[in-house]
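# below is the structure, and that's it, no one-letter string:
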């Protein structure tokens with residue numbers, strides 16, 4: 001009962017957010033950077049001045065280690081030197097399901113240059129075993145990690161609604177946060193950014 005109520009509340013929040021995003025003016029697009037982080041994102045700030053770790057643009061993405069769907073331990077540090085899209089999702093989340101085909105298309109086209117790490121919030125799943133079936137049924141081949149204790153999603157990355165994604169550059173710094181479903185164009189813009 002509590003999980004259904006939580007799912008209903010999350011769905012209402014996501015729908016409200018989607019409507020709010022649809023009504024934003026064109027000049028409010030997400031690729032505009034706050035002035036205080038402009039130097040960090042453009043890599044012109046001294047390394048010593050940069051925040052050590054955090055979830056804001058320009059900060060180093062918090063380190064973590066989680067098991068993958070096939071049981072291998074995977075660390076964010078394994079991908080240092082590559083761009084990463086860190087995505088938080090669950091099988092019961094309709095907006096998460098909606099973005100999955102876009103993520104698969106992106107993975108097939110840009111997977112060598114940009115790694116997708118899709119972190120399933122396994123602690124929210126009614127049956128964690130259905131995650132594997134969900135991926136197989138939809139033909140999803142990008143890496144999926146399991147956050148069984150919700151250590152990474154809620155505690156480290158402060159994810160309140162899903163899907164939530166972080167675009168992380170080659171230096172391990174967060175350059176963008178996307179609340180709500182991503183689309184191919186957003187991911188491609190990140191892949192082609194310098």
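Thanks, I have the structure now. Just so you know, these numbers come straight off a predicted model, no measurement behind them.
# so how far is residue 8 from the nearest residue to residue 139 once chain neighbours are set aside?
Of all residues beyond its chain neighbours, the one nearest residue 139 is residue 104 (7.0 Å), with distances taken as C-beta to C-beta, 6 or more residues apart in numbering. In this view, the C-beta of every residue, glycine as well, is placed from N, C-alpha and C. Shown here: residue 104 relative to residue 8, a distance of 28 Å by C-beta to C-beta, to the nearest Å.
# which of the two has more neighbours?
Taking residue 104 and residue 8 together and counting by other C-beta atoms under 10 Å, residue 104 has the greater number of neighbours (19 against 10).
# list the contacts for that one?
138, 139, 140, 141, 142 (C-beta atoms under 8 Å, 6 or more residues apart in numbering).
# turn these into JSON lines, including distance to residue 93.
Converted to JSON lines, the contacts of residue 104 look like this (distance: C-beta to C-beta, whole Å):
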{"residue": "138", "distance to residue 93": "14"}
{"residue": "139", "distance to residue 93": "19"}
{"residue": "140", "distance to residue 93": "14"}
{"residue": "141", "distance to residue 93": "20"}
{"residue": "142", "distance to residue 93": "17"}
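# and which of these is nearest residue 62?
Nearest to residue 62, judged by C-beta to C-beta, of these is residue 142 at 20.9 Å.
# now do the SS call for the closest one.
coil (DSSP: H, G, I helix; E, B strand; the rest coil).
# verify the stated contact: it with residue 116.
Yes. Proximity of residue 142 to residue 116 meets the contact threshold set by C-beta atoms under 8 Å, at 4.2 Å.
# quick check: neighbours shared by the two?
103, 107.
# ok, these two, which is more surrounded?
Ranked by neighbour count (other C-beta under 10 Å), residue 142 and residue 116 place residue 116 first, with 22 against 18.
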